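Engineer: predicted model follows, preceded by the sequence.
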Amino acid sequence: MTAFVAASMALALLVGLGLLLRLGGSSAGASYSWFLTMEASYDSWGPMIAAYAHAKEQSGNLYDVFFVDHVKYQYPPAALGVIWGLDALRITGVANQVKVLNQVTWLFVLLTVPFAFGIAWKESRPNPRLGQTAERWRLAACLVVGLATLAYWPVMMAWKMGQIQAVLNALFVMALCLWIAERRFLAGIAIGLICIIKPQFLLFMVWGLLVDRRFLYGQMLVAAVSLGLSLLVFGFAAHLGYLSMLSFISAHGESYVLNQSVNGFLNRLVFPETAWVDRGRIWPDGSDFPDYDVRVYAGSLLTSLAALGTAFWFTWRRGATTMTFCFSALAMTMASPVAWDHHYGILIGIFAAAFGALIRLGLADPRGKVLGLALLVCFIGTGVRWIPRMAGHPIVENLLLSHLLIAALGTLVLLWRVQVFADATASSVRDAPARRMGDLQAA
């Protein structure tokens, strides 16, 4: 089986299953409606605009908008720089701002496509002895991988929801491409830009300290500039309020079906009745925070520490490789108490890297075939969303609802195995000249 055939099968399954769900009336296929309409919502933009208006009024702490007004603004103060920029450009009015932000976000989605192709292309660098035919199949396969971006649920759902995560997904794919291209400082800058919105990626600073100081310095530059400007504009109290909000989120998490973290999984086990409700147990206006439960909190904390510890240990053992980069990013995403479906949009770049590595290592090898098939299963498991309802079977229902989380866990394991496969292949290549020399001497 050629790489092109394998990639085409993956894309066909992804689109086919998603469209079947959509035609069947499932909201899980909603991300495919972009083929018919370019309308997007304001899931991120609404809270950001409300928080910026609150900050301009200087009425109390910035995060009163969260604790008092019950608007779910859960980003750092620096994230409001997005709305400040629109304000500075005199783009006013909620409708106008949302329209501009969604247009910019769509450009980032489109940018994700060539960068996903670039990841697969660079990571699949073939044996120079391969012929032109194999090279053409490789090019075709990488193009298919890039185009799969436009049918991948977490990426496209981020766009449809009006989520800034669509921009973060694009920035991560850019960072990964820059990392593979040995542009480590620029890769660090891209990760640093993500940290302005997603603080858990600050853990990449520890990762950079372990493997590459250039990568670390890029992150530090963005962090210093963004934090300095944020403190200057919004003040120290706003940042203390942000820490209070993070503490609240880590204690409660989210139980709604789209929270594909261990916290969400455990919350749905303990409070199965909250999995489907948009109206919450704590706030009466549509928020869905479950009650604090020590079992959920402890389970979430222990699994998060395990995921992060494994990521750093894997990096320490295997070094600064593409697979350890991908493993660490996915572990950081999953370690958060709240990991919505669209947060897994970074997987489009991770799968591009993994499939590219298998093209390079050899899909004809039995190990390559097994890994390729397993990656295909996880790719479909994360790329197509199925949201079933099974009244009277909460545990089975929760397992089915959490298929994205389960597939992401499987992806972590497979990234590890791809790295082991790559190391074993490199070792056999290094040993081959020595074995040939020994054979000659024996003759």
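Structural biologist: Perfect, thanks for sending it.
Engineer: point out where the chain drops to low pLDDT.
Structural biologist: 1-2, 17-38, 59, 127-133, 277-288, 427-443 (pLDDT under 70).
Engineer: tell me how far the nearest residue to Val15 once chain neighbours are set aside lies from Val370.
Structural biologist: Once flanking residues are discounted, Val15 sits nearest to Ala151: 4.7 Å by CB to CB, 6 or more residues apart in numbering. Yep, even glycine has a C-beta here, placed from its N, CA and C like the rest. Per CB to CB, to the nearest Å, Ala151 is found 25 Å from Val370.
Engineer: off-centre distance for the helix or strand containing Arg317?
Structural biologist: Using DSSP states H and E, Arg317 sits within helix 294-318. Here helix 294-318 is found 17 Å from its chain centre; the criterion is CA atoms, centre = their mean, to the nearest Å.
Engineer: quick one: buried residues of it?
Structural biologist: Within helix 294-318, the residues scored as buried using 16 or more other CB atoms under 10 Å are 296-297, 299-300, 303-304, 307-308, 311-312, 314-315, 318.
Engineer: more neighbours: Ala151 and Val370, which one.
Structural biologist: More neighbours surround Ala151 than the other of Ala151 and Val370, with 23 against 13 (other CB atoms under 10 Å).
Engineer: and the more buried one, how far from Val109?
Structural biologist: 12 Å.
Engineer: repeat for Arg295
Structural biologist: 39 Å.
Engineer: now do Ala158
Structural biologist: Applying CB to CB, the value for Ala158 to Val109 is 8 Å.
Engineer: the more surrounded of the two?
Structural biologist: Ala158 (31 against 21).
Engineer: work out for me the element the more buried one sits within.
Structural biologist: Using DSSP H and E, Ala158 sits in helix 153-161.
Engineer: which helices and strands does that helix pack with?
Structural biologist: Under the contact criterion of 3 or more CB pairs under 8 Å, 6 or more residues apart in numbering; DSSP states H and E, helix 153-161 touches helix 94-123, helix 165-180, helix 347-361, helix 366-383.
Engineer: turn those helices into CSV, including distance to Leu202.
Structural biologist: Below are the helices and strands packed on helix 153-161 laid out as CSV (distance: least, CB to CB, whole Å):
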stretch, distance to Leu202
helix 94-123, 22
helix 165-180, 14
helix 347-361, 19
helix 366-383, 24
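Engineer: now do the contacts for the nearest residue to Trp207 once chain neighbours are set aside.
Structural biologist: Counting by CB to CB, 6+ apart, Trp207 lies nearest to Ser328, which is 5.4 Å off, once chain neighbours are set aside. Residues in contact with Ser328 (CB atoms under 8 Å, 6 or more residues apart in numbering) are Leu203, Phe204, Trp207, Ala311, Phe312, Phe314, Thr315.
Engineer: between helix 94-123 and the helix or strand hosting Ser328, find me the angle.
Structural biologist: Ser328 is located in helix 322-335, with elements delineated by DSSP H and E. Relative orientation of helix 322-335 and helix 94-123, computed by axes from the mean of the first three to the mean of the last three CA atoms, to 10 degrees: 150 degrees.
Engineer: shared neighbours, Ala158 and Val109?
Structural biologist: Ala166.
Engineer: return the distance of the host helix or strand of Leu193 from the chain's centre.
Structural biologist: Taking DSSP H and E as the definition, Leu193 sits inside helix 184-195. The chain centroid and the centroid of helix 184-195 are separated by 15 Å under CA atoms, centre = their mean.
Engineer: right, and the helix or strand after it?
Structural biologist: helix 204-211.
Engineer: that next one: how far from the chain's middle?
Structural biologist: 19 Å.
Engineer: in space, what's closest to Val270 - neighbours in sequence excluded?
Structural biologist: Spatial nearest neighbour of Val270, excluding adjacent residues (CB to CB, 6+ apart): Asp293 at 5.3 Å.
Engineer: hang on, I meant Val109
Structural biologist: Nearest to Val109 is Trp159, by CB to CB, 6+ apart, at 5.2 Å.
Engineer: count the residues that sit near the residue nearest to Pro394 when sequence neighbours are not counted.
Structural biologist: With CB to CB, 6+ apart as the criterion, Pro394 has its nearest non-adjacent residue at 3.9 Å, and that residue is Pro272. The criterion is other CB under 10 Å. On that basis, Pro272 has 15 neighbouring residues.
Engineer: isn't Pro272 up against Gly392?
Structural biologist: No: look at Pro272 against Gly392 with CB atoms under 8 Å: they stay out of range, at 10.5 Å.
Engineer: orientation of the helix holding Ala158 relative to helix 94-123 in degrees?
Structural biologist: 160 degrees.
Engineer: going forward can the numbers begin at 359, since that is how I track them
Structural biologist: Renumbered: residue one is now 359, and that last one reads helix 511-519.
Engineer: in PDB, list the C-alpha atoms belonging to helix 511-519.
Structural biologist: Below are the C-alpha coordinates for helix 511-519, written out as PDB (Å, rounded to 0.1, in the frame of the first residue of the first chain):
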ATOM      1  CA  TRP A 511     -13.600  18.000  13.600                       C
ATOM      2  CA  PRO A 512     -11.500  19.900  16.300                       C
ATOM      3  CA  VAL A 513     -10.100  22.400  13.800                       C
ATOM      4  CA  MET A 514     -13.300  23.100  11.900                       C
ATOM      5  CA  MET A 515     -15.500  23.100  15.100                       C
ATOM      6  CA  ALA A 516     -13.200  25.800  16.600                       C
ATOM      7  CA  TRP A 517     -13.900  27.900  13.500                       C
ATOM      8  CA  LYS A 518     -17.700  27.300  13.600                       C
ATOM      9  CA  MET A 519     -17.900  28.200  17.300                       C
END
